[in-house]
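1. build me a model:
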Amino acid sequence: AMGILARQAGWNAALAYVGLALGFVNVVLLYPRILPADEFGLTRVLVSIAAIAAQMAQLGLDNTVIRYFPYFRDATRKHNGLLALVLSIGTVGGLLAMLVLWLFHGQFALWFGAADGLYAEYGLVVLPLVLSEVYFFLFRAYSRSIHRSIAPTFTREFLLRVLQMALILAQAWWHFDLRVFMLLYVGTFLISTAGLVFDLWRSGNLTFGIAKLRLPRRLGRSMMRYGLFTFGSGMATIALGNVDQLMVGVMLKDGLDNVAYYAVAFYIASVILIPARALVLPSMPILAEAWKKREHAKIDMIYRRSAAIQLVIGAYLFLCLWAGADVLFSLMKPGYSIAKNAMLILGFVNVINLAGGLSGGIVATSRSYWFDALSGAVLVILNVVLDFAFIKAFGMVGAAWSSLVAFTSILAWRIVFLKRKHGLWPFDARTVITMVLGLALAIVLLMLPQFGGIWLDFIIRASVVTLVFWPAVYYLRLAPDLSDQVHMVLGRIRNKS
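-> Sure, this is the predicted structure:
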């Protein structure tokens, strides 16, 4: 199992990093530079609406596929029609979501500006985007279940970003009418979903098996329960950031401009989460298997090791982000610099999230998945309520504070739950040492004087962080897995020389 995990995690990580670099160039450098802030804000709002609507439309089906696939797995019988089943449910949900967005278009337009604003004019391009996202979620879940987790990452993290980069460069060159630009922008998502379907078709896995559908009543009921429960947790994953962006757009005047600023802060901060994403995707099916076989020790090991690795990498990336904040914002139009504090707070939220290891994934694949749903739903509600209060009080940065309070409290609740119910606990002395190390370096960064220009200053700060942090991690064995990998690589180099 660890072999599949490592290989796919390697590819997924590589693609995620390349995709992240491309996305970074798009969201942080090109789009804000080439589009006016409100038009860039509009693209973010449309993506946020589509993500939330699609998540609601598919009712937790994506997680249900991954969880119940072992009961359907049978290539000769076209996996007993599972794909046909989820696609038909997803299509109905997607069409309903499109109908709602279309019927209440006027109301949305008033929330995001005015009856004659950008959203009123161009907002309906969100409709095909919603359906495309529903299909993407479902095909991605199916791909992961048959251990093809690379294609979804490729089409989403890489292909989509390349197409969006090509589009914004073309926009800078040819200055399309905004309507044309928006349609092409939605087109990039449609192509990436089509790419995923193409991969399944080419590998001979696109078998709907409608005729073969066998769904015992008990299994059907169990799946429905699970789907509705994970719907809560799925909403929580999607709500992360999207709710904030929509609330910022609705509550502040110049809403779309502020969405653009917040989106940039959110995107830069999300760099910290990448190693986690590369770990989580392939480990979900393995956790599901381990629960099924009741391999408690294995789950405990994955939980502890993932928490250690994620905290170490997250803390390091956060410190680098802090060191480089001025450099990053110097690359953008001046208006964006108000997002700097929001970026640092969101970065810190992500470190806290990483410190919890795979707690979300472990709860989600266990028998206590109802708790995943409950805590997910509470998180979304808490996030909306706090956004409302904090954005009113502090403006845009309030959305970041709201995330900090909401996520920390829910994560603490999840960790305590896993300890009480399953006796799983992700922390040990190393966790504390890593935190102290990170804090000490943060204080050092605060005390260091400004060195010359911002680039020189960044290089010196990042070097100090790197030269203190990694040797400390290595000698104190704060992330044994990472240390072992370094040993292996060094050993190979020695053997060759």
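
2. any idea which element residue 425 lies in?
-> With secondary structure defined by DSSP states H and E, residue 425 is part of neither a helix nor a strand.

3. number of nearby residues for it?
-> By the measure other CB atoms under 10 Å, the count of residues near residue 425 is 14. All C-beta spots, glycine's among them, are computed from the backbone N, C-alpha and C.

4. ok, now residue 416?
-> Neighbour count for residue 416, taken as other CB under 10 Å: 11.

5. contact partners for residue 422?
-> Each residue near residue 422 by CB atoms under 8 Å, 6 or more residues apart in numbering is listed here: 296, 299, 366, 368.

6. which of these fall within helices?
-> When helices are assigned by DSSP state H, the members of the contacts of residue 422 inside them are 296, 299.

7. residue 460 and residue 445, how far apart?
-> Between residue 460 and residue 445 the distance, using CB to CB, to the nearest Å, works out to 11 Å.

8. still on that earlier bit, nearest to residue 375 among the contacts of residue 422?
-> Checking the contacts of residue 422 against residue 375 with CB to CB, the nearest one is residue 368 at 10.4 Å.

9. name the nearest residue to the closest one, ignoring sequence neighbours.
-> Of all residues beyond its chain neighbours, the one nearest residue 368 is residue 421 (5.8 Å), with distances taken as CB to CB, 6 or more residues apart in numbering.

10. which strand or helix spans that neighbour?
-> helix 396-422.

11. got the buried residues for the next helix or strand along the chain from that helix?
-> Following helix 396-422 in sequence order, the next helix or strand is helix 429-447 (DSSP H and E). Judged by neighbour count using 16 or more other CB atoms under 10 Å, the buried positions of helix 429-447 are 430-431, 434, 437-438, 441-442.

12. and helix 429-447, what other elements does it pack with?
-> Counting contacts by 3 or more CB pairs under 8 Å, 6 or more residues apart in numbering; DSSP states H and E, the secondary-structure elements packed against helix 429-447 are helix 296-330, helix 340-355, helix 454-475.

13. what angle do that helix and helix 454-475 make?
-> Between helix 429-447 and helix 454-475, the angle comes out at 160 degrees (axes from the mean of the first three to the mean of the last three CA atoms, to 10 degrees).

14. quick one: residue 369 from residue 417, how far?
-> Using CB to CB, one gets 12 Å for the distance from residue 369 to residue 417.

15. find residues that contact each of those two.
-> With contacts defined as CB under 8 Å, 6+ apart, the residues shared by residue 369 and residue 417 are residue 363.

16. still on that earlier bit, distance of the residue nearest to residue 368 from residue 19?
-> In this structure, residue 421 and residue 19 are 36 Å apart, going by CB to CB.

17. out of these two, which sits in the busier spot?
-> When residue 421 is set against residue 19 and neighbours are counted by other CB under 10 Å, the residue ahead is residue 19, at 20 against 13.

18. can you tell me the closest non-neighbouring residue to that one?
-> Using CB to CB, 6+ apart, the closest residue to residue 19 is residue 157 (2.8 Å).

19. what residues of the one helix or strand residue 383 maps to count as buried?
-> Residue 383 is part of helix 369-394 when elements are defined by DSSP H and E. Of the residues in helix 369-394, those buried by neighbour count under the rule 16+ other CB under 10 Å are 369-380, 382-384, 386-387, 390-391.

20. for stretch 325-333, same thing?
-> Going by neighbour count (16+ other CB under 10 Å), the buried part of stretch 325-333 is 325-329, 332.

21. tell me the angle the helix holding residue 383 makes with helix 396-422.
-> When the same axes, to 10 degrees is applied, the directions of helix 369-394 and helix 396-422 differ by 160 degrees.

22. the helices and strands packed on helix 429-447 into a markdown table, with extra columns for mean pLDDT?
-> A markdown table is the format used below for those (pLDDT from 0 to 100):
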| stretch | mean pLDDT |
| --- | --- |
| helix 296-330 | 90 |
| helix 340-355 | 94 |
| helix 454-475 | 94 |
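
23. quick check: which of these is buried the most?
-> Among the helices and strands packed on helix 429-447, judged by mean count of other CB atoms under 10 Å, the one packed with the most neighbours on average is helix 340-355 (a mean of 22).

24. what does it rub up against?
-> For helix 340-355, with CB under 8 Å, 6+ apart as the criterion, the contacting residues are 261-262, 264-266, 268-270, 272-273, 275-276, 307, 310-311, 313-315, 318, 321-322, 325, 328-329, 396-397, 399-401, 403-404, 407-408, 411, 426, 431, 435, 438.

25. could you rerun that using 7 Å?
-> 262, 265-266, 268-270, 272-273, 276, 307, 310-311, 314-315, 318, 321-322, 325, 329, 396-397, 400-401, 403-404, 407-408, 411 (CB atoms under 7 Å, 6 or more residues apart in numbering).

26. with stretch 358-376 instead?
-> Applying CB under 7 Å, 6+ apart, the external contacts of stretch 358-376 come out as 63, 67, 226, 229-233, 235-236, 280, 283-284, 287-288, 291, 299, 302-303, 306, 410, 413-415, 417-418, 421-422, 424, 426.

27. buried subset of these?
-> For the contacts of stretch 358-376, a burial check counting by 16+ other CB under 10 Å picks out 63, 67, 226, 229-233, 235-236, 280, 283-284, 287-288, 291, 299, 302-303, 306, 410, 414-415, 417-418, 422, 424, 426.

28. JSON lines for the buried residues of stretch 325-333, including distance to residue 96?
-> JSON lines is the format used below for these (distance: CB to CB, whole Å):
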{"residue": "325", "distance to residue 96": "43"}
{"residue": "326", "distance to residue 96": "47"}
{"residue": "327", "distance to residue 96": "46"}
{"residue": "328", "distance to residue 96": "41"}
{"residue": "329", "distance to residue 96": "42"}
{"residue": "332", "distance to residue 96": "39"}
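
29. of the buried residues of helix 429-447, closest to residue 471?
-> For the buried residues of helix 429-447, the closest approach to residue 471 (CB to CB) belongs to residue 437, at 10.8 Å.

30. the stretch 51-200 of the chain: strands as residue ranges?
-> For the stretch 51-200 of the chain, strands defined by DSSP state E, counting those that start in this stretch do not occur.

31. now do residue 263 against residue 329, distance only.
-> Between residue 263 and residue 329 the distance is 14 Å, computed by CB to CB.

32. same thing with residue 70?
-> The spacing between residue 70 and residue 329, counted by CB to CB, is 48 Å.
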